[in-house]
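Visitor: Sequence and predicted model, in that order:
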Amino acid sequence: MKKLLLSMLLVTAFAVTVSAERAPVTVGEGEYGCCCPWAEHAGLCPVDFVAFAGMLDEVCFVLDEAGEVVGYCVDDPDGAYLFRGLSWPEVADFIGNYYGFEPTVGTTIDWFCGFGRTHAPGSE
């Protein structure tokens, strides 16, 4: 009897799970995606959050003589990789202070990966 009851519970749970309404997957232009200036320069907008997080170490900056960022490079061995070795909070502090928003991981993600973002912040 216990086996029959357990089997019925499992079948019911499976049926409820299968029939439950699932959230739509959103991928592509005009939907959720990250688009930092470097990714836009490299033709990678929009990208998903995991790809955005994984590419920060490879963001290459062109610096002027004073050490200020003047552009972005792609795979330039002479460029500066300012995010290499930084933790997410350190990256958020760096970016937040540069762009003038609260330097937290959450606000950094919202800044670059907001809903509907298909262009880098400030270039729209």
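Guide: That came in fine, so what should we check first? Just so we're clear, the structure is a prediction, and the values are computed from it rather than from any experiment.

Visitor: how about Ala80, phi and psi?
Guide: Backbone dihedrals for Ala80, given as degrees, to the nearest 10, come out at phi -110, psi 130.

Visitor: which ones are touching the residue nearest to it when sequence neighbours are not counted?
Guide: Nearest residue to Ala80, sequence neighbours excluded (C-beta to C-beta, 6 or more residues apart in numbering): Phe61, at 4.7 Å. Bear in mind the C-beta positions are built from the backbone N, C-alpha and C, glycine included. By C-beta atoms under 8 Å, 6 or more residues apart in numbering, Phe61 lies in contact with Val69, Gly71, Tyr72, Cys73, Gly79, Ala80, Tyr81, Leu82.

Visitor: Can you get me the start-to-end distance on stretch 79-86?
Guide: With C-alpha to C-alpha, to the nearest Å applied, stretch 79-86 spans 17 Å between its terminal residues.

Visitor: and it, which residues are buried?
Guide: Gly79, Leu82, Phe83 (16 or more other C-beta atoms under 10 Å).

Visitor: Out of the residues you listed, which is nearest to Gly54?
Guide: Nearest to Gly54 among the buried residues of stretch 79-86, counting by C-beta to C-beta, is Phe83 at 11.5 Å.
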